[in-house]
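1. any chance you can model this:
(2 chains, ligands or ions: 4)
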Amino acid sequence: MGAIMADAWIDIGAADDIPRLRAKKFRLGDETVAVFRTSADEYFALLDRCPHKGGPLSEGIVAGRTVACPLHGWVIALDSGEAVAPDEGCAPTLPLRLVEGRLHLRWP
Amino acid sequence: MNLVVVGNGMAGMRAVEELVALAPGRYRITVFGAEPYTNYNRIALSSVLAGDKSLDDIVINTRAWYEDNGIELITGDAVTKLDPTAKTVTAASGRTISYDKLLLAVGSKPIAPPIPGLHLPGVRAFRDVADVEAMIDAAGHEQRAVVIGGGLLGLEAAWGLKRRGMSVAVVHLMPTLMERQVDAPAGQLLQRDLDSRGIAFFTNGQTEEIYGADRVEGVRLADGRDVPADFVVLAIGIRPNIDLAKQAGLDINRGVVVGDDMRTSDPSIYAVGECIEHNGQTFGLVAPLWEQAKICAARLAGDEAAAYVPQPVFTSLKITGIDVFSVGALTAADTDDDEITLHDAKRGKYKKLVMRGDRVIGAVLYGDVADGTWYVQLMRQGKDVGDIRDRLIFGRTFAEQALGRNEPEMDVAAMPDGEQVCGCNGVTKGKICNTIAAKGLTTLDDVRAHTKASASCGQCTPIVRAILAQAVGGAQSAEKPPAMCGCTALGHDAVRAAIVARGLKTQADARRALGWTNPDGCQKCRPALNYYLLCAWPGEYRDDARSRFVNERVHANIQKDGTYSVVPRMWGGITTPDELRAIADTADKHGIPTVKVTGGQRIDMLGARKDQLPAIWADLNKAGLVSGHAYGKALRTVKTCVGSEWCRFGTQDSTGLGIKIEKMCWGCYTPHKVKLAVSGCPRNCAEATIKDLGVVCVEAGYDIMVGGNGGVTVRVTDKLVRVATEAEVLEYVGAFLQLYREEAHYLERTAPWVERRGLDYLKRLLVDDAENRRRLYERFLYSQQFWQNDPWAERAAGTDAHEYAALETVG
Ligand code: SRM
Ligand SMILES: Cc1cc2nc3c(=O)[nH]c(=O)nc-3n(C[C@H](O)[C@H](O)[C@H](O)COP(=O)(O)OP(=O)(O)OC[C@H]3O[C@@H](n4cnc5c(N)ncnc54)[C@H](O)[C@@H]3O)c2cc1C
Ligand code: SF4
Ligand code: FES
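-> Ligands and ions are numbered 1, 2, ... in the order given. Below is the predicted model:
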């Protein structure tokens, strides 16, 4: 992980590369990060690990600001990473910004 | 006057509810609760644990309700001292309040046996929200749970933890389960059924020690058996909570002693619920508590005549798909009593009635509990059943036919108004009817909310539904079909009908035209809408991959570690050395860790990375292998047996016919997965009678069997028709699948669909109406021309390349 500078923004590519209502995943250090795009063209970055049993959130169905985990159907809020009740747990979110059509990601 | 209530639980708050309805404003009421919540339905903790309900769903009264009724609620503050001379209570926080009348409703405590290790981290009881939260938390990161106690509570705990993914063992002191509620034969059936659901049992198991260094590691039994555990739930019973009463010098025995007036030995102090003892009896189920609450409220409201008379209570177990019911005596006590039993172990059904003379004094039902409430009625009425005694065990419908009363299954019209319908909540038929009329209720949920009938254990739901239907308009059901999801109030049928009638051709159009509340829809309705549209508009609607579950989007099955499995089609279970070589070579080339023969007569390659899939498919395609749709709500397999070509019993070419059927049907999308089979004779080696559609060959032709399922709830097929030729088989197969495609709800397999519509309905549309059958078949074939493209070949050639791109490393 030595190459990652704690507070530097990392350019991860053009925002348009991610289809609406889908996610793209990236390898960042030892982690896989899922970057989601909603139908309203909002972007969110979460660690690609469901708080339930680690399912790949990037493969889930995106609706509104949520994604449903493909393994057992937990619904995770994209903005906070929190599981929607009755489930409890949180997928860590990462700071993400959109600069001139490109996405920049940073370790929290 | 000040009324102080100690205990914010089910019995105490029911008494308060009754009291404010009976004599509003008579008391200034203060309620102390040790738990930090408003009162909730403790019974439903089992459903919360099993994941069927959320904590929000089980709240009984909100804080606003307490406020609206002028009740001061102090939560998270247990009363620690009761001084009957000064007439004060003092809570843990130091707060002291004086009372004129006091109501003790402090419930019970889990029994803790005198064994070492009870205080190790990872050992819990099953009593309150905090326990359930700890159990859910444990299920999230621990593997093995042991439940000590095989009674109602223990089994519900075991099932909930199992549902949450833990491996679960139950240690039970007695030889059979739930021995206090059911007799040995029912207990054995219960154990068999739970065993088949993957719960392990250690009966005759006396727990000697719970051991572990820093936290629990296992349970040791007296006979030396050792059950490893990461988490232990103790559910061996409860005992009344008498701490406060004892300290205050009230009469106590096992529980706080009360009279018929619900008063303790101190006339200003009342008590209700599991903390009490009445006539030597203590309580562990809610039904009697409601009666106690009612009497207590009446007394507090000034009715000097109200007196508590215990009623027989019945038990049922809240585990989906397991039906147990018992009431009154479990076995004949002496020579005056006899037992009538019906035991069909193979079908998992057991019924026993305990009779004294010609009156029912007890019933134990397993597997088929529909008549439970009827037996309770007969018991409560003390009815002489001599005239129907020989038919009694076969249930109400059959028994009453003997009396010339040939009624529909549930004759709620004839039920007297005073008859109790919901035993848990003590709600009569009259109360339900009056509330429906007064409040203009139309749905079951409304009736539940306003009367509480069927809101607790749910056993009486069919009766409540029937009463509602009758009240709102004859035979026609008043129940609105359940909504597809939270985005719409419309049910599946209404949505399907509107799509066709209004010519809605895209998801966005459908959501807009039908008033969806979320513009994107949600993970429940999107896949359903996508399917309904592609079924309604073959060739026109463009499939929306983003509305498909990952497996269908990427055409492979996701596995627990995020890798995928690849299952190529093997037509009718037939393969060749070349195909096998291609599979072997592909597995070697791409480093596939596991190759497995599936239960569907073909081969699964497990553990491929997503980015490897297109290359794997390309290699398989070269040998002529195409997608098996093992991931799809689609045609899966057509299993066959060897049939007349080889088998000495084969009557027809079952293998050849299976291949023809699979070639005709592959690629079609359906509401849920579809599995077919063809067996060459009634020995049925292809298991055709538990398939969605199965063909059983006979000398005279082909029996077409429909609506079978070998999954969670096994269902044997019904025979639709016998035909003489293969061509007719193909027409029936196409027509049946098309009818299912056009009519079933998304995620409804053929078995529940056939049950919902009835076999007669299918026969009318498919067998009697040849013209309709032909048109269905034609629509099926028309739709097929758009779907018989191998999705793997398309993707190997570059479709959706972004899905399969290798992971990019950033930073
Ligand atoms: C691979 C296989 C097990 C095996 O190793 O043999 C299998 C594997 C899975 N089955 Fe199955 N089932 C397999 C044959 C069966 C059979 C036997 C059969 O088809 O004759 C049944 C009972 C028959 C039936 O469906 O009526 C069966 C009943 C189920 C069920 C319960 C369905 C039900 O209606 O109750 C599910 C759950 C579901 O679909 O919702 C399920 C779901 C699954 C899933 C898809 C679970 C999941 O969602 O991930 C598994 C996917 C594993 C994978 O990625 O490969 N599987 N599954 C079998 C694949 C057959 C094939 O060649 O396509
Ligand atoms: C998981 C589970 C499933 C069940 N399933 C069924 C079922 O299917 N059918 C059925 O009939 N019954 C069932 N029961 C039993 C039923 O829930 C009880 O019979 C009922 O809750 C008892 O009501 P109660 O008011 O006497 O006690 P409780 O509901 O336990 O209420 C007592 C309350 O008093 C509070 N308290 C205790 N001491 C103090 C104090 N000193 N100061 C302030 N507050 C105090 C407690 O925190 C508690 O909230 C089930 C129970 C559980 C735990
Ligand atoms: S393959 Fe089928 S039976 Fe086996 S674990 Fe998966 S779903 Fe269960
Ligand atoms: S891993 Fe996500 S829901 Fe189970």
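2. state the pLDDT value of residue 99.
-> Reading this off chain A. Residue A:99 carries a pLDDT value of 91.
3. meant chain B actually
-> Residue B:99 is assigned 97 on the pLDDT scale.
4. so who does it touch?
-> For residue B:99, the contact set (C-beta atoms under 8 Å, 6 or more residues apart in numbering or on different chains) comprises B:2-4, B:87-89, B:268. Heads up, the C-betas are built off the backbone N, CA and C, glycines and all.
5. so how far is residue B:32 from the residue of chain B found nearest ligand 2?
-> When distances are taken as C-beta to the nearest ligand atom, chain B reaches nearest to ligand 2 at residue B:9, 1.6 Å away. Distance, residue B:9 to residue B:32, by C-beta to C-beta, to the nearest Å: 11 Å.
6. kindly report the same for residue B:805.
-> Going from residue B:805 to residue B:32 by C-beta to C-beta gives 61 Å.
7. neighbour-wise, which of these two wins?
-> residue B:32 (25 against 13; other C-beta atoms under 10 Å in any protein chain shown).
8. rewinding a little: can you put the contacts of residue B:99 in JSON lines and add secondary structure?
-> Formatted as JSON lines, those follow (DSSP: H, G, I helix; E, B strand; the rest coil):
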{"residue": "B:2", "secondary structure": "strand"}
{"residue": "B:3", "secondary structure": "strand"}
{"residue": "B:4", "secondary structure": "strand"}
{"residue": "B:87", "secondary structure": "coil"}
{"residue": "B:88", "secondary structure": "strand"}
{"residue": "B:89", "secondary structure": "strand"}
{"residue": "B:268", "secondary structure": "coil"}
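9. give me the distance from the helix or strand hosting residue B:448 to the chain's centre.
-> Using DSSP states H and E, residue B:448 falls within helix B:444-451. Between the centre of helix B:444-451 and the centre of its host chain there is 20 Å, according to C-alpha atoms, centre = their mean, to the nearest Å.
10. now that helix: buried residues?
-> Along helix B:444-451, the positions that meet the burial threshold by neighbour count (16 or more other C-beta atoms under 10 Å in any protein chain shown) are B:444, B:446-448, B:450-451.
11. how far off centre is whichever helix or strand comes after that helix?
-> Towards the C-terminus, the helix or strand next in line after helix B:444-451, according to DSSP H and E, is helix B:461-473. A distance of 22 Å separates the centroid of the chain from that of helix B:461-473, by C-alpha atoms, centre = their mean.
12. in helix B:461-473, what's buried?
-> With burial defined by 16+ other C-beta under 10 Å, the residues of helix B:461-473 counted as buried are B:463-472.
13. which ones among those residues come in contact with ligand 4?
-> With the criterion set as C-beta under 6 Å from any ligand atom, no member of the buried residues of helix B:461-473 is near ligand 4.
14. format the residues you listed as a markdown table; extra columns: pLDDT and distance to ligand 2.
-> Compiled in a markdown table, those are given as follows (pLDDT from 0 to 100; distance: C-beta to the nearest ligand atom, whole Å):
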| residue | pLDDT | distance to ligand 2 |
| --- | --- | --- |
| B:463 | 81 | 17 |
| B:464 | 86 | 17 |
| B:465 | 83 | 20 |
| B:466 | 80 | 22 |
| B:467 | 84 | 21 |
| B:468 | 84 | 23 |
| B:469 | 77 | 26 |
| B:470 | 76 | 27 |
| B:471 | 76 | 27 |
| B:472 | 72 | 29 |
